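# Sharing a model that was predicted from the sequence below.
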Number of protein chains: 2
Amino acid sequence: MEEAAAILARTPATLDALLRGLSDGWIAANEGGETWSPFDVIGHLIHGERTDWVQRARIILEHGETRPFDKFDRFAQFALSEGRSLASLLDEFATLRQENLRALERMRLTDADLDRRGRHPELGVVTLRQLLATWVAHDLDHVVQISRVLARQYSDEVGPWRAYLRIISGSQG
Amino acid sequence: MEEAAAILARTPATLDALLRGLSDGWIAANEGGETWSPFDVIGHLIHGERTDWVQRARIILEHGETRPFDKFDRFAQFALSEGRSLASLLDEFATLRQENLRALERMRLTDADLDRRGRHPELGVVTLRQLLATWVAHDLDHVVQISRVLARQYSDEVGPWRAYLRIISGSQG
């Protein structure tokens, strides 16, 4: 639990250091088509803080498997972030994350609590421990996504080095 | 150039926010076998600041294609980082990066300079513009790598969510 919280507490500052003050050319860039920009991803993380992780933890503790989680809207950020600045989104994400980590602390989860089960609307039975581990991995997944989106703006500019750059060539290596 | 420098200037603070103060369990974790830990990656980035990017830029400006770059030692960090703390590596990386960005500014590179050609020992002819774009993408590639190494410590812990987490399932999606 402490290990997980250590990563969760660091994500807002990590994304702040990476993104705040970058030009719109970087912030609004995506990987083509319907893919997300760094701006979109921060909105998605905010929506997760508001409706996903801690809320689902509460549903598990209060209702167990009897009440499935609400579905998470993966596209909510497009309307919610409209007209906002990246700086205000980063601020909001940091505030919400801090509040949610405090809420998590107040739950004083025991090992037995972490084994309690809930019901995901698509994946079926999951434990509270799996939910919290997923929160951590989900953060890191989006740090990866943002870094990849930024790097791929230079897919052509790197020339022959493309062969060495897994982030551009797409291999996991 | 300014766009590239904006990312290069942010990488040390990004990795600092992500890693400083994490337990050894996170810092020394890798993806198995000969793969690198976050600690190893910071050492690799330091070695790049000392021997790769700005040094190669100078070789291009002074010698063009006539003198190939020195080969880069991808394993130097294992000896160089031995016995060091992560905090001291993060400090050193930040200092070296700042010095190198100042050195880059002092070169006052023109568009014509950026088109100048050098010789990579394996890839052949490359331009200074490609070298600088690769510096940026290389930073981001290692932010991805570190995030992935951390997330994969929870490959089992996330349970059924594994299917949704590209960082763990390995798909690029």
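Nice, I can see it.
# the strands in chain A, which residues?
In chain A, the strands defined using DSSP state E lie at A:117-120, A:124-127.
# got the CA positions of the first one in CSV?
Put plainly, it is strand A:117-120. What follows is strand A:117-120, C-alpha atoms only, in CSV (Å, rounded to 0.1, in the frame of the first residue of the first chain):
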residue,chain,number,x,y,z
ARG,A,117,-14.1,-8.3,-3.8
GLY,A,118,-16.1,-6.1,-6.1
ARG,A,119,-17.6,-6.4,-9.5
HIS,A,120,-16.3,-4.7,-12.6
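# related to what we said a few turns ago, most packed of the strands of chain A?
Highest mean neighbour count among the strands of chain A (mean count of other C-beta atoms under 10 Å in any protein chain shown): strand A:117-120, with a mean of 19. All C-beta atoms are positioned from the backbone trio N, CA, C, and that covers glycine.
# now A:Glu157, nearest residue through space, not along the chain?
Nearest residue to A:Glu157, sequence neighbours excluded (C-beta to C-beta, 6 or more residues apart in numbering or on different chains): B:Ala133, at 3.6 Å.
# The longest helix seen in chain A to helix B:128-152, inter-axis angle?
When chain A is parsed with DSSP state H, its longest helix is helix A:128-152. Inter-element angle recorded for helix A:128-152 and helix B:128-152: 180 degrees (by axes from the mean of the first three to the mean of the last three C-alpha atoms, to 10 degrees).
# Helix A:128-152 packs against which elements?
If you count contacts as 3 or more C-beta pairs under 8 Å, 6 or more residues apart in numbering or on different chains; DSSP states H and E, helix A:128-152 packs onto helix A:2-19, helix A:38-51, helix A:53-63, helix A:111-114, strand A:117-120, helix A:166-169, helix B:128-152, helix B:166-169.
# re the thing from before, what's near enough to touch the residue nearest to A:Glu157?
The contact partners of B:Ala133, by C-beta atoms under 8 Å, 6 or more residues apart in numbering or on different chains, come to A:154, A:157-159, A:161, B:4.
# one more time with 7 Å, if that's ok
Residues in contact with B:Ala133 (C-beta atoms under 7 Å, 6 or more residues apart in numbering or on different chains) are A:154, A:157-158, B:4.
# do the same with A:Ala29
Applying C-beta under 7 Å, 6+ apart to A:Ala29 gives the contacts A:37, A:149-150, A:153.
# Closest one of those residues to A:His44?
A:Ser37 (10.6 Å; C-beta to C-beta).
# hang on, isn't that closest one packed against A:Trp26?
No - using C-beta atoms under 7 Å as the test, A:Ser37 is too far from A:Trp26 to be in contact (8.9 Å).
# Surely A:Arg97 touches A:Glu49?
Yes - checked against C-beta under 7 Å, the pair A:Arg97 and A:Glu49 is within contact range at 5.9 Å.
# middle-most residue in chain A, spatially?
A:Asp139 (3.8 Å; C-alpha atoms, centre = their mean).
# looking at it, A:Val125 is touching A:Glu65, isn't it?
Yes - in terms of C-beta under 7 Å, A:Val125 counts as a neighbour of A:Glu65; the distance is 6.2 Å.
# what is in contact with these two at once?
By C-beta under 7 Å, 6+ apart, A:Val125 and A:Glu65 have these common neighbours: A:117, A:119.
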